[in-house]
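# mind looking at a prediction? Sequence and model below.
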Amino acid sequence: MSSLMHKALNPRHPPFKPCLSPFLQTILPAIVGDRLFFSSANYTFDDEADWKNTSSLYWLRLNNTFNVNGPIDMSLIGEGPLPSTVLVGGMNPVAGGFSGTFFYDHTTLYAYAGMVGEEADGINNSLWSYDTTMNKWSLVEVEGGRISFGNNSEGVHASDPKSGLSFYTGGWAMASNGTNNGTVKFESSNPGTPQWSFMTTQNGIQGPNILKGAMVYVRKGQSGVLIAFGGYNTAYKGDQFASGWDWNQRSLKDVYVYDIFSNTWYLQEASGDIPEHRSDFCAGVSSAPDDSSFQITIHAGWDLFEGIALSDVYTLSIPSFRWIKVVDSDNPDTILEPHAGRQRLKCDVWNERQMIVSGGFVQSEEKHFNDACNESYPPFKVLDTSTYSWRTQFDPRLEYSVPKVVTEVIGGNSAGGATLQSPAAGWPSDDLSSIFSKTVARDTYSYNETTPTASSTPEYTGTSASSGDGGGISGGTIAGVVIGILAAILVVAAALRLWTRKRRQAHVQQIRTDTLSKWQKPELEATEVRQQELDANGMIHEIHGEALIPEPVQLEVPHQPSELPG
């Protein structure tokens, strides 16, 4: 645990000024309840210290206003230890920018992929979970087979807290040159018995095959859809770049749609202001008040072809599949350096209205701006998705309205009423038309405001059994015979619980000690190669523009759905 963080939380010391530079191993942030959780990035905690990874889970409380125009107020940051070194991230024996994720539902985080160390891929049917209501870590068993991909990274992923479903596909260990193609589907609606499956298909579209792109959940169809785009195409070895980078960039005209209800992938062509090719960007979703449109806002990223970090903002309006270029204002990254951009950033949307940008690597050509703390490049930025202006203060009370730059394209007004309800060239299939004619009801789950203080320390246990104690029986007016019966029941229950806990402890220990020779996981092992280069300052990037062939070649893919087995 960082001693600087302890000092920052101690009122006897002056406040420190944290920055995040998560351009190495990162488990993504996720909003659960009124807190934004994040871990495993690289941080600095004062103006002098260099960035480093830590062994902590952090959270930022979102139930009050706070300033985001400079270093964050450290009294808002909570901290607790991670339960295992596999979640620490940061430096890795293999150089590269690695990224995992948190699957999440209404109350619990599940750390998936992006792990490091000897045990990173040795726990085959368990995940580390964090109960945000109890501030407690557990190693929980997951039913459905040994689907790990624990050391996979930089795939695309999305969660729907309402259904308890999370998805992950792509990355370095899935869908590379046609191997291990599929989608991990994780379900935590029953927290006592989470389960997952690895869904594959033999014909038609094989899924997005995306590295360093983005995927979001949108409330369309009978059970929701996933929208994925950008990054690199790992379905086959490309020819867009010279030796040193194997994958072609994906055009953001190509938008992959996954219908959750039918387990089907589709490829839909978008129109409008198509964004430049990019990877390492972030995306978030805002729903019109009447659900007539959904805006997927993207920000920044890295253009490998040009060798530049980006700072722009676009929105993809659904279901019209129109890209709209946004002229944002007051971006703190470009105030001092107009050509500065940010890559490896992460985004989460609060109440449809405020897109919280966490961390990222700010640079202009070969100059790096936030590899140490400073006043000009804040660790968190907040984009107002109703005005597309960058806010100086986060305000949890704001509500979303559709911005004018969007309604000028899709029709309607700030309350909704979008008139464009299909792509410019129409739907390529009746199935897609039917899917986007339906809308999933909004999530009405009500969070209780978290009561632990910012510095509350999480507990953890190495088994999936709960360690919480039940309440005692109050007496006074209860007849003695009833007390005796209840006491006997409690004794039996305690004995059964102890036996179950020991049995699960033994089982989890067996999971830990399983060797890879007992079961061949569907992952890339010795053949997996992550290709990055170090610049002169030791920062980690992909290859730069001078090594590129002038013109990219686009792959034509038909609009062909394919069914995944349930």
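On my side now, so go ahead.

# how close does the nearest residue to S376 once chain neighbours are set aside get to N374?
Distances taken as CB to CB, 6 or more residues apart in numbering place L336 nearest to S376, at 5.6 Å, with adjacent residues excluded. Where C-beta positions appear, they are placed from N, C-alpha and C, glycine not excepted. Look at L336 and N374: by CB to CB, to the nearest Å, they are 10 Å apart.

# who's more crowded, the two?
N374 (17 against 12; other CB atoms under 10 Å).

# and the more buried one, what pLDDT?
Per-residue pLDDT puts N374 at 72.

# kindly report the same for K162.
K162 is given a pLDDT of 97.

# can you give me the strands in the stretch 201-350 of the chain?
For the stretch 201-350 of the chain, the strands defined by DSSP state E, counting those that start in this stretch occupy 210-211, 214-218, 225-229, 232-233, 248-249, 254-259, 264-269, 271-272, 282-287, 294-303, 308-318, 322-326, 341-343, 346-350.

# for these, which one sits closest to S434?
Closest approach to S434 among the strands of the stretch 201-350 of the chain (CB to CB): strand 254-259, 9.5 Å.

# hmm, who's touching that closest one?
167, 183, 205, 207-208, 210, 221, 223, 225-229, 264-270, 316, 321, 431-432, 435, 557 (CB atoms under 8 Å, 6 or more residues apart in numbering).

# who does it pair up with?
Sheet pairing for strand 254-259, assigned by DSSP bridges, gives strand 225-229 (antiparallel), strand 264-269 (antiparallel).

# mean pLDDT lowest where, among those strands?
Note on these: lowest mean pLDDT is at strand 264-269, with a mean of 94.

# now that one and strand 308-318, what's the angle there?
Between strand 264-269 and strand 308-318, the angle comes out at 110 degrees (axes from the mean of the first three to the mean of the last three CA atoms, to 10 degrees).

# just to revisit the earlier point, let's have the strands paired with strand 254-259 in CSV, adding mean neighbour count and distance to S401.
Putting the strands paired with strand 254-259 into CSV (neighbours: other CB atoms under 10 Å; distance: least, CB to CB, whole Å) gives the following:
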stretch, mean neighbour count, distance to S401
strand 225-229, 27, 22
strand 264-269, 21, 26
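
# make a markdown table from those strands and add distance to L345 to it.
What follows is the strands paired with strand 254-259, written out as a markdown table (distance: least, CB to CB, whole Å):
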| stretch | distance to L345 |
| --- | --- |
| strand 225-229 | 17 |
| strand 264-269 | 26 |
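
# is it true that D431 lies in a helix?
Yes. D431: assigned to a helix according to DSSP: H, G, I helix; E, B strand; the rest coil.

# pretty sure it contacts Q268?
No. Contact criterion CB atoms under 8 Å: D431 and Q268 do not qualify, at 11.2 Å.

# and S434, which of the three is it?
Assignment for S434 (three-state DSSP): helix.

# that one: neighbouring residues, count only.
By other CB under 10 Å, 14 other residues sit near S434.

# how near is the spatially closest residue to T297 that is not a sequence neighbour to A309?
Once flanking residues are discounted, T297 sits nearest to T315: 4.8 Å by CB to CB, 6+ apart. Between T315 and A309 the computed distance is 20 Å (CB to CB).

# likewise for Q268?
Distance from Q268 to A309, counting by CB to CB: 28 Å.

# ok, which stretches of this structure are helices?
Along the chain, the stretches classed as helices by DSSP state H are 3-9, 404-410, 430-435, 480-513.

# which of those has the lowest mean pLDDT?
Mean pLDDT values for the helices of the chain show the minimum at helix 3-9, a mean of 30.

# so where is the chain shaky, pLDDT-wise?
Within the chain, the segments meeting pLDDT under 70 span 1-27, 45-51, 89-98, 117-123, 148, 175-180, 201-204, 449-566.
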